[in-house]
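Visitor: how would this look folded up:
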Amino acid sequence: MQLMELQFQVMLKDVDESYPAGLSPAEIACYIAEKKALAFKDERLHSLVITADTIVAYNGEILGKPENEAHAFEMLTKLSGTTHQVYTGVSIAYHDKLNTFYDVTEVCFRILSPAEIKHYIEKYKPMDKAGSYGIQDWLGFIAVEKITGSYTNVMGLPTEKLYSALLNF
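Guide: Predicted structure coming up:
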């Protein structure tokens, strides 16, 4: 947001990130982003609120944030040598007005060795990241062979779409 030359303040609230069964990956990301926006009911009366949620989808499975290091290892092993999709849902809210959209990016990983995965988990602690990785850190530099779509979407906020949505909001 700072690089977009926007003034902002980061505010956090605990929000239940569960979702109903049967939703598509795009619907899940948007559902949770809207849930987060609705949690800022009082703040929306005097401020524009932007919330987002990112998920990783692989082979029909949703990979959220890992529960522990073993779960992170399992996720990264699944993603090793494959292509997966990263979905980010974004909500813009002010008073009763709410606009929600999503972006999707395909990410291709090279095959990772168990030692590389272990090193990444131990050194970079990806417990707060969907799919157990951040494209902007070491794993992004050594594992990502190709992306199709927005790089910033994989980081967790599709800034190109957000900027356009803000202009139209």
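
Visitor: need phi/psi at the residue sitting nearest the centre point of the chain.
Guide: Using Cα atoms, centre = their mean, the residue of the chain that lies closest to the mean C-alpha position is residue 54, 2.1 Å off. Note on residue 54: backbone dihedrals following degrees, to the nearest 10 are phi -120, psi 140.

Visitor: now do residue 67
Guide: Torsion angles, degrees, to the nearest 10, at residue 67: phi -80, psi -30.

Visitor: list the contacts for it?
Guide: By Cβ atoms under 8 Å, 6 or more residues apart in numbering, residue 67 lies in contact with nothing. (C-beta placed from N, C-alpha, C; glycine too.)

Visitor: roughly how far does it sit from residue 75?
Guide: 10 Å (Cβ to Cβ, to the nearest Å).

Visitor: which residues does the residue nearest to the centre of the chain form beta bridges with?
Guide: When bridges are called by DSSP bridges, residue 54 pairs up with residue 88.

Visitor: was I right to think it contacts residue 90?
Guide: No: at 9.6 Å, residue 54 and residue 90 do not qualify as touching, with contact defined as Cβ atoms under 8 Å.

Visitor: hmm, residue 31 is touching residue 102, no?
Guide: No: counting by Cβ under 8 Å, residue 31 does not reach residue 102; the two are 10.2 Å apart.

Visitor: with neighbour numbers in mind, choose between the two.
Guide: Set side by side, residue 31 and residue 102 show more neighbours around residue 102, with 23 against 19, by other Cβ atoms under 10 Å.

Visitor: now that one: phi and psi?
Guide: phi -140, psi 170.

Visitor: contacts only, for residue 139.
Guide: Residue 139 touches 76, 120, 124, 126, 133, counting by Cβ under 8 Å, 6+ apart.

Visitor: can you tell me which helix or strand it belongs to?
Guide: helix 138-143 (DSSP states H and E).
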